[in-house]
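[1] sequence unknown, structure follows:
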């Protein structure tokens, strides 16, 4: 669960996770949040909740890669990506974890039958759908929600993805990891989730992050066809 300035939502998200899935361990990866999120995370730490402090904000991808390394070091068999802002519902986690028994990557998908988004305006839904359609077409995959951030990886499978070579650090990280999973011959499963727009705090999405994603997808498609 990566955090940067999530002091308003972190405690609520952690409690929701404990209420729905108290048998999982949680790693909070904080990028030196100036609002005190890191200190709040420390106050929430217990025998099943851990905190990894990073020196500075280096992007979502870097935070997740640090979390993957921590999970591998501590002997876990699967690792979950989950937002701290409440957009990923804890009650959907059980189905994702069930799916990883027969897959290498399980994606909590907004855009498969049964999936949906709550509290997004029409233009946000259109941008997400168009972005996913563009990525799916350019990269020749069948994944409906390549940008989804609620997902589970089998730890042993991550070793096949050459994580040291991951280029994306922002929004495109999810697309790149999905693409690498397909190229590695992994079994990818999408299960429907309900994505709920954050009620507290501010989104980290910027125009620069979206443009990075578009550029990288186009570049990956070019190299794929070269």
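    In hand now; what should we look at? Predicted model, so just to flag it, every value in this text is computed and none were measured. Numbers count the residues shown, from 1 in each chain.
[2] neighbours of residue 15, just the number please.
    12 (other Cβ atoms under 10 Å). Where C-beta positions appear, they are placed from N, C-alpha and C, glycine not excepted.
[3] need the three-state assignment for it.
    helix (DSSP: H, G, I helix; E, B strand; the rest coil).
[4] ok, the residue sitting nearest the centre point of the chain - contacts?
    Residue closest to the mean C-alpha point of the chain, counted by Cα atoms, centre = their mean, is residue 149 at 2.8 Å. Contacts for residue 149 (Cβ atoms under 8 Å, 6 or more residues apart in numbering) come out as 60, 81-83, 88, 174.
[5] my guess is it is in a helix, correct?
    No - secondary structure of residue 149 (three-state DSSP): coil, not part of a helix.
[6] measure it to residue 167 for me?
    18 Å (Cβ to Cβ, to the nearest Å).
[7] same thing with residue 179?
    On the measure of Cβ to Cβ, residue 179 and residue 167 end up 11 Å apart.
[8] do the same with residue 150
    On the measure of Cβ to Cβ, residue 150 and residue 167 end up 22 Å apart.
[9] between the two, which one's more packed in?
    Just comparing residue 150 and residue 167: by other Cβ under 10 Å the higher neighbour count belongs to residue 150, 24 against 12.
[10] partners of the closest residue to the more buried one other than its chain neighbours in the sheet?
    Residue nearest to residue 150 in three dimensions, not counting chain neighbours: residue 108, with 3.6 Å by Cβ to Cβ, 6 or more residues apart in numbering. Beta-bridge pairing of residue 108 under DSSP bridges involves residue 191.
[11] show me what contacts residue 108?
    Contacts of residue 108 (Cβ under 8 Å, 6+ apart): 88, 92, 96, 115, 145, 148, 150-151, 190-193.
[12] and it, what's its pLDDT?
    pLDDT for residue 108: 98.
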